[in-house]
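**Q** sequence-free structure coming up:
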């Protein structure tokens, strides 16, 4: 794709506006900050510079410009991300470029699922009167069915297959879509005579389906779900998130339920910050996905013993990720769907309002089968995973207050299993002053063309002892940057080496005064001579009578004394 077109598309998509479409950001000084979506971020580590049009996570290191963010977030290729941003900005991509983009397997599968969802929805209102009657019997409105794009899979072996073939999709693509079984050498529809729930990713793209039978049948499962595909992995998505993510972000809280009908009932009754875990145990991937939008969850599972156990397990996993967790206590015989049906949304609101913090819930839960010591150990297991030490200490205090055990005793038990982690963190590191000077020289050279010329002409890679900064130096001198101002975001476009990209973004975020460039450069040169002297000493120790080595060392020592004397004189006078 033409670089000028890429530049036009990138400039037309403000990075703050784009990223805020995925997750909330807050202004911090001249930058914006939010929870990083690329790792388990318990406190905001992602920084976005509007002036430089770049982002950088200072925890996991992920960095780039607006194209890189969209590509990484949505698992797209560079060209796919450019195309998506072009559509967002209303920029026409030339036809020959379009062909190159839409022929990706992922794009084709998304198109298949979009067509399938539309077919199921149209079938519901054209041929699915029995399904509409079923929904009406369960007190769901047609408006809810339309808004959440529910559908009906016809009671036919090949209704969807024939429809998609007429749409022009190839048999080989449909084989890989997960929408068909292969019986007797031919494709047949996987979903037949079922109420269809489309499963969307957080961007609103249909990536899978769940199908429910209307009446029990012997030997037939109540639900079947799409198998894993290039688009969908079980345990990674949350049902309904595409509809509720903005309300979740606004409220700072998500209500997590278990099933499709629980979500439908909650959503229809105004609980529009809800999601469902798709009937599976809540996973780390689902928690990480949800953490992009909030840091507080209310576990609203079934009120029976199995539901409570599942809610506690899921809650502990959320707690270990630094989230605030509350447990909603439903009556033993109820689930969210049934409670609202029987008692109305005000009764559900009362249950939500009376949600109990997870630690307090475990301290007061009357179930006799789980001893107190075991409950405390479950909490400590979660806290051992939690990286935020401040949150860890605060939660230990909560455990102490709830269970009546001293913080000291809890801390002792907690730390006993964390010794190996402490040992790992005590590894020797290189002297920091070297990295600081190398980093500062590079950061300042990125802000000023004259400094860049000095960097390119007066130094070589041997001046950089830090591997990352040596890589950045080698990259920069190959760019042949011109005197006119360059765009920081443009520098990141085609860097394939992630280590260089992350280091460069970190340098671009530096806010240093230009006046110290010469001082940093001098320090860098002095450190280089120091390393040369150390290397010379090692060589002389192996051959102490070598006169050439001794003379060379003397020259280096004189050079070192002269350089350091200049620095001292500058400071004193």
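**A** On my side now, so go ahead. Note that this is a predicted model, so its numbers are computed, not measured.
**Q** wait, residue 242 sits on residue 201?
**A** Yes: Residue 242 lies in contact with residue 201 (CB atoms under 8 Å); the separation is 6.9 Å. For glycine as for every other residue, the C-beta is placed from the backbone atoms N, C-alpha and C.
**Q** Roughly how far does the closest residue to residue 46 other than its chain neighbours sit from residue 15?
**A** Excluding the flanking residues, the one nearest residue 46 by CB to CB, 6 or more residues apart in numbering is residue 36, at 4.0 Å. From residue 36 across to residue 15, the span is 15 Å (CB to CB, to the nearest Å).
**Q** again with residue 43
**A** Using CB to CB, residue 43 is found at 21 Å from residue 15.
**Q** Then residue 206?
**A** 27 Å.
**Q** how distant is stretch 375-393 from the center of its chain?
**A** 22 Å (CA atoms, centre = their mean, to the nearest Å).
**Q** Pull out the buried residues from that stretch.
**A** By neighbour count with 16 or more other CB atoms under 10 Å, stretch 375-393 contains the buried residues 375, 376, 378, 379, 380, 382, 383, 384, 386, 391, 392.
**Q** Show only the entries of those residues found in helices.
**A** Within the buried residues of stretch 375-393, residues falling in helices by DSSP state H are 375, 376, 378, 379, 380, 382, 383, 384, 391, 392.
**Q** Spell out which two among those residues are the most distant pair, please.
**A** Farthest pair in those (CB to CB) is 375 and 391. Separation: 19.6 Å.
**Q** circling back to that earlier point, burial check on the residue nearest to residue 46, number of neighbours?
**A** 25 (other CB atoms under 10 Å).
**Q** again with residue 521
**A** Number of residues near residue 521 (other CB under 10 Å) recorded here: 21.
**Q** pLDDT below threshold where in the stretch 451-573 of the chain?
**A** Along the stretch 451-573 of the chain, the model assigns pLDDT under 70 to residues 480-486, 494, 511-520, 563-573.
**Q** Let me see the ranges of the helices in it.
**A** For the stretch 451-573 of the chain, the helices defined by DSSP state H, counting those that start in this stretch cover 467-477, 488-491, 498-509, 517-542, 547-572.
**Q** can you put the buried residues of stretch 375-393 in TSV and add distance to residue 346 and pLDDT?
**A** Output for these, formatted as TSV (distance: CB to CB, whole Å; pLDDT from 0 to 100):
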residue	distance to residue 346	pLDDT
375	32	83
376	36	86
378	34	83
379	33	86
380	38	85
382	33	81
383	36	85
384	41	81
386	36	76
391	34	78
392	38	80
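**Q** Closest to residue 73 out of these?
**A** Nearest to residue 73 out of those is residue 386 (CB to CB; 24.8 Å).
**Q** before we move on, the earlier item: which one of the helices of the stretch 451-573 of the chain lies closest to residue 285?
**A** Here helix 498-509 is closest among the helices of the stretch 451-573 of the chain (CB to CB), at 21.2 Å.
**Q** circling back: these two touch, right, the residue nearest to residue 46 and residue 59?
**A** Yes: counting by CB under 8 Å, residue 36 does reach residue 59; the two are 6.2 Å apart.
**Q** where do the contact lists of those two overlap?
**A** residue 45 (CB atoms under 8 Å, 6 or more residues apart in numbering).
**Q** Where do the strands of the stretch 351-500 of the chain begin and end?
**A** Counting by DSSP state E, counting those that start in this stretch, residue ranges of the strands within the stretch 351-500 of the chain are 356-357.
**Q** hmm, I was thinking of the stretch 201-350 of the chain
**A** With DSSP E, counting those that start in this stretch, the ranges of strands along the stretch 201-350 of the chain come out as 206-212, 223-225, 253-257, 274-276, 296-299, 324-327.
**Q** Distance to residue 131 and mean pLDDT added to the ones you listed, as TSV?
**A** Compiled in TSV, the strands of the stretch 201-350 of the chain are given as follows (distance: least, CB to CB, whole Å; pLDDT from 0 to 100):
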stretch	distance to residue 131	mean pLDDT
strand 206-212	10	96
strand 223-225	15	91
strand 253-257	22	96
strand 274-276	20	97
strand 296-299	31	96
strand 324-327	34	94
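**Q** Serialize those to a markdown table and add fields for distance to residue 412 and mean neighbour count.
**A** Output for the strands of the stretch 201-350 of the chain, formatted as a markdown table (distance: least, CB to CB, whole Å; neighbours: other CB atoms under 10 Å):
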| stretch | distance to residue 412 | mean neighbour count |
| --- | --- | --- |
| strand 206-212 | 47 | 22 |
| strand 223-225 | 46 | 17 |
| strand 253-257 | 33 | 25 |
| strand 274-276 | 38 | 27 |
| strand 296-299 | 30 | 24 |
| strand 324-327 | 24 | 22 |
